[in-house]
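> Would you be able to build a 3D model of this:
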Amino acid sequence: MTFELLTGCWLFNPQAGQTWSVEDDHLAKMAELTGENFSDKILAKSWKRDEYFDESGKLLRIDQLFPISLKGAMINYGLPEPEATSAAAFISVCLRLDPEERSSASDILDHSWLEMAYMCC
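Numbering: from 1, shown residues only. Here you go, the predicted structure:
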């Protein structure tokens, strides 16, 4: 939601293709924008793993990913680089693919970006 409020665009806007579903594309976009792969630990907990991933953890129907950093995506949508840098640092701690690696809500409240986000003119 933070990305959307800053840019006016969805962070993930998955689309079905000729050979893949919206869900396949959503998983691909998650990997592309976080720069992470779905670990064996995460996939082992997924009851739909075999529907979307092969034995090695690669997506079944999307074989080529086009990674872009959160910062790069925000700059592409017109955010100035300094703002995109700090906002991307905040968003990235919220978007870790492994929930156990994500920052806690109390840690997020102490993130330096939030101090800047509340500044008024």
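> where does this protein dip in pLDDT?
Across the chain, the ranges flagged by pLDDT under 70 are 117-121.
> That one: helices as residue ranges?
In chain order, the chain shows helices spanning 2-7, 22-34, 40-45, 49-52, 70-76, 81-94, 105-109, 112-117, with DSSP state H as the criterion.
> residues making contact with the shortest one?
Think helix 49-52. The contact list for helix 49-52, computed with Cβ atoms under 8 Å, 6 or more residues apart in numbering, reads 23-24, 27, 43, 59-61. C-beta: built from backbone N, CA, C; applies to glycine.
> thinking again about what came up before, switch the helices of the chain over to JSON lines; also include distance to residue 15 and mean neighbour count.
Converted to JSON lines, those look like this (distance: least, Cβ to Cβ, whole Å; neighbours: other Cβ atoms under 10 Å):
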{"stretch": "helix 2-7", "distance to residue 15": "17", "mean neighbour count": "16"}
{"stretch": "helix 22-34", "distance to residue 15": "6", "mean neighbour count": "18"}
{"stretch": "helix 40-45", "distance to residue 15": "24", "mean neighbour count": "12"}
{"stretch": "helix 49-52", "distance to residue 15": "16", "mean neighbour count": "15"}
{"stretch": "helix 70-76", "distance to residue 15": "16", "mean neighbour count": "18"}
{"stretch": "helix 81-94", "distance to residue 15": "22", "mean neighbour count": "17"}
{"stretch": "helix 105-109", "distance to residue 15": "30", "mean neighbour count": "10"}
{"stretch": "helix 112-117", "distance to residue 15": "30", "mean neighbour count": "13"}
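> which one among the contacts of helix 49-52 gets closest to residue 101?
Proximity of the contacts of helix 49-52 to residue 101 was ranked by Cβ to Cβ; the top entry is residue 43 with 14.8 Å.
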